[in-house]
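# coords below, sequence missing:
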């Protein structure tokens, strides 16, 4: 990927080094001409309108596959992606479109099956 200020492709290792060492990330990326406003999606499976339209009729949604955030690290450090992939660099698919939400805590029931949990005065003693 070419940057307007550079004649050669940007090495994602440059952005990795900036990310791991700099507290003024945005300033350093601007100073080093590492701002890239276009995400490299060449190796990602993107969902088309047809994919989504077909999925709505069946009740099943297509899933996005794992992705390599380091491939477009300079982009992901400064911008959010259109589908939420790589917005969290440590867990790239967390919060992404077409991904299931997981409970943070397991459900608790009074009878361990389906009875809602009730507040018992005896539990305060």
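Arrived safely. Remember, predicted model here, so these are calculated numbers, not experimental data. Residues are numbered from 1 along each chain as shown.
# so where does residue 53 fall, helix or strand?
Using DSSP states H and E, residue 53 falls within helix 49-58.
# Quick check: buried residues in that helix?
Residues of helix 49-58 classed as buried: none (neighbour count, 16 or more other CB atoms under 10 Å). Yep, even glycine has a C-beta here, placed from its N, CA and C like the rest.
# Just give me the neighbour total for residue 73.
Neighbour count of residue 73, defined by other CB atoms under 10 Å: 24.
# Begin at 547, not 1, for the rest of this chat.
Let's use 547 as the start, then, which means that last one is residue 619.
# which regions of this structure sit below the pLDDT cut-off?
The chain contains residues with pLDDT under 70 at 547-572, 574-591, 607-611, 621-625, 647-649, 665-671.
# Try it again at 80.
547-595, 597-598, 601-630, 634-635, 640-641, 643-653, 663-671 (pLDDT under 80).
# What's the local residue count around residue 617?
The number of residues packed near residue 617 is 18, by other CB under 10 Å.
# On the three-state scheme, it is what?
helix (DSSP: H, G, I helix; E, B strand; the rest coil).
# ok, so what distance separates it from residue 603?
Distance of residue 617 to residue 603, given as CB to CB, to the nearest Å: 33 Å.
# before we move on, back to that, check which helices and strands the helix holding residue 599 is in contact with.
Packing contacts for helix 595-604, counted by 3 or more CB pairs under 8 Å, 6 or more residues apart in numbering; DSSP states H and E, involve no helix or strand.
# what about residue 620, distance to residue 636?
Distance of residue 620 to residue 636, computed by CB to CB: 17 Å.
# So for the two, which sits in the more crowded spot?
Taking neighbours as other CB under 10 Å, residue 620 and residue 636 compare with residue 620 leading, 27 against 6.
# Sounds good, over and out.
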